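Enquirer: coordinates only, sequence not included:
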């Protein structure tokens, strides 16, 4: 499958490392503030982008006090430097395209950290337009299907407005939608009794870079993990396509 969604799912299923939990909480708080500022306010009922981030925050056990402080700060009830969203484009080793989404209060610091991390791993950071044209932003809903026939499930969600279904494992799939259809499809899945594990906007690769060699795959995933460990990085997308057998061996 395109991207590195299976790797992300495996890491989530294994649970967050306690040493990284503080960084995860900081990123989620920053994401909440950006969602409030750019999504139209602090009410998740009217700000769908905020609702998606809050779902992620609760899944990561971000304390309620942290959530409240982040919303209040975004609404101007607390001090602190202004935050902005910046996406960096480049290549991982083995010519795999990557997009690095960040939230930062210091773009010079963030750019330096992202550039250094990519180059130390043998990749390269490019300017605007380097790789983003290879991706399309979509709605991505991970759903527990408990072994339901994939073809029948796809026919069902296609009626809801879904564009595609990607099998994650025998019990879960990703439902891909247009950005504008994410809420509609997610709501319909919930109404039909499905367990929606997560829902978010994500960059999906239009064309993938297929790699069979396990060491080369690990070099790409290793860089992605190092980038995700940076304090300002929210998400990394790639056009890596690795065989299922690689993920099954992890």
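Expert: Structure received. Fair warning: this is a prediction, and the values are worked out from it, not measured in the lab. Residues are numbered from 1 along each chain as shown.
Enquirer: what about this structure, any weak spots by pLDDT?
Expert: 1-21, 78-80, 250 (pLDDT under 70).
Enquirer: which residue ranges of it form strands?
Expert: All strands of the chain, identified by DSSP state E, fall at 84-92, 96-104, 124-126, 135-144, 164-169, 172-177, 195-205, 209-210, 233-238, 240-241.
Enquirer: do you know how far residue 231 is from residue 23?
Expert: In this view, residue 231 and residue 23 are 6 Å apart by CB to CB, to the nearest Å. C-betas here are computed from N, CA, C, even on glycine.
Enquirer: circling back to that earlier point, pipe the strands of the chain into CSV and attach mean neighbour count and distance to residue 226 per row.
Expert: As requested, these are exported to CSV (neighbours: other CB atoms under 10 Å; distance: least, CB to CB, whole Å):
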stretch, mean neighbour count, distance to residue 226
strand 84-92, 19, 10
strand 96-104, 24, 11
strand 124-126, 16, 14
strand 135-144, 20, 20
strand 164-169, 18, 24
strand 172-177, 23, 24
strand 195-205, 19, 19
strand 209-210, 15, 19
strand 233-238, 23, 9
strand 240-241, 22, 15
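Enquirer: any chance of those strands in TSV, with distance to residue 60 too?
Expert: TSV is the format used below for the strands of the chain (distance: least, CB to CB, whole Å):
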stretch	distance to residue 60
strand 84-92	19
strand 96-104	16
strand 124-126	28
strand 135-144	15
strand 164-169	19
strand 172-177	18
strand 195-205	11
strand 209-210	30
strand 233-238	13
strand 240-241	24
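Enquirer: who's in contact with stretch 197-207?
Expert: By CB atoms under 8 Å, 6 or more residues apart in numbering, the residues outside stretch 197-207 that reach it are 2-3, 49, 52, 55-56, 59, 97, 99, 132, 134-144, 172, 176, 179, 182, 186, 235, 237-239.
Enquirer: actually stretch 55-66, sorry about that
Expert: 16, 24-25, 28-29, 31-32, 67, 198-200.
Enquirer: most neighbours, which of these?
Expert: residue 32 (26 neighbours; other CB atoms under 10 Å).
Enquirer: quick check: the spatially closest residue to that one that is not a sequence neighbour vs residue 198, distance?
Expert: Spatial nearest neighbour of residue 32, chain neighbours left out: residue 70 (4.0 Å); criterion: CB to CB, 6 or more residues apart in numbering. Going from residue 70 to residue 198 by CB to CB gives 19 Å.
Enquirer: give me the domain ranges for this protein.
Expert: Split into domains by automatic domain parsing, the chain comes to 5-74, 84-133+208-248, 134-205.
Enquirer: how many neighbours does the residue nearest to residue 226 when sequence neighbours are not counted have?
Expert: In this structure, residue 226 finds its nearest non-sequential neighbour in residue 117, 5.3 Å apart by CB to CB, 6+ apart. Neighbourhood size, residue 117 [other CB under 10 Å]: 18.
Enquirer: the one 10 residues further on too?
Expert: For residue 127, the count of nearby residues is 8 (other CB under 10 Å).
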